[in-house]
Structure formats: structure tokens, C-alpha cells
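Enquirer: Here is the input, now give the coordinates:
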Amino acid sequence: LARDIGALSAAGSGLWGDGFSQTSVDRGMVFHGVAFESGFDNYAELFRDGGFDRADVVDFTGIHLDRGKRAMRIDPRYVLTPATTRGHG
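Expert: Numbering: from 1, shown residues only. The predicted structure follows:
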């Protein structure tokens, strides 16, 4: 799927995805009463392998929207690596 999205995307375009880490799922993550059965700990690699030049995984706490300026700012302290996603680092 990531390769298909990459192949269909215009050069320089961006993609916003929402996902859950396998680590969270393994710890018994429940969302609105539904237990999740699967997740993934390295979405950045998945999308780079799919043809995107850059991929970042960010904890939503570090994303700030400025509606007045129609801009988004990402606090680099909340960019996750596979190790931090798994609770190491």
C-alpha cells in the first residue's frame, strides 16, 4: 500500500497518516472500548521504502496547528524512532 501511495503521489507532496504502535497494542491498547489487534513500530521505514524521501513519526503531543496562519509546527522533541516507540531511549 505504501508503494502504491508513493507511486501515485506527485513529487514534493506530503502524506499524513495515523497509526498505532505494535508496542501499544501489545500493552492492551483500547480505543473507545475496542481492543486493537495489530500495529507497527516503524512507519517511517515503511513509507521511505514506499518511495517517500522523508518520513517522520510524531507523537501527537508535539503537533501544533496555527489555524490563523494555516500552518503546522512539529516540535522535534516528539519525533519518534522505532526504539522510542518501543519504550527504549
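
Enquirer: centroid residue for this structure?
Expert: With distances taken as Cα atoms, centre = their mean, Val57 lies nearest the centre of the chain, 3.9 Å away.

Enquirer: for the host helix or strand of Thr23, the distance to its chain's centre please.
Expert: Using DSSP states H and E, Thr23 falls within helix 22-26. Once both centres are worked out by Cα atoms, centre = their mean, to the nearest Å, helix 22-26 turns out to sit 14 Å from its chain's centre.

Enquirer: Buried residues of that helix, list them for me.
Expert: 22-25 (16 or more other Cβ atoms under 10 Å). Backbone N, C-alpha and C define where each C-beta goes, glycine included.

Enquirer: any idea which residue of this protein is furthest from its center?
Expert: The chain, farthest from centre, Cα atoms, centre = their mean: Gly68 at 24.8 Å.

Enquirer: where's that residue relative to Leu8, distance?
Expert: Here the criterion is Cβ to Cβ, to the nearest Å. By it, Gly68 lies 32 Å from Leu8.

Enquirer: so where is this protein shaky, pLDDT-wise?
Expert: Applying pLDDT under 70 to the chain flags the ranges 88-89.

Enquirer: hey, where'd the strands end up in it?
Expert: Here the chain has its strands, by DSSP state E, at 30-31, 34-35, 57-58, 63-66, 71-74, 79-80.

Enquirer: Of all those strands, which one is nearest Ser13?
Expert: For Ser13, the closest of those is strand 71-74, at 15.0 Å, according to Cβ to Cβ.

Enquirer: Please name the spatially closest residue to Phe47 (chain neighbours excluded).
Expert: Leaving aside its chain neighbours, Phe47 sits nearest to Ala55 (4.0 Å; criterion: Cβ to Cβ, 6 or more residues apart in numbering).

Enquirer: List the residues that contact Pro82.
Expert: For Pro82, the contacting residues are 41-42, 45, by Cβ atoms under 8 Å, 6 or more residues apart in numbering.
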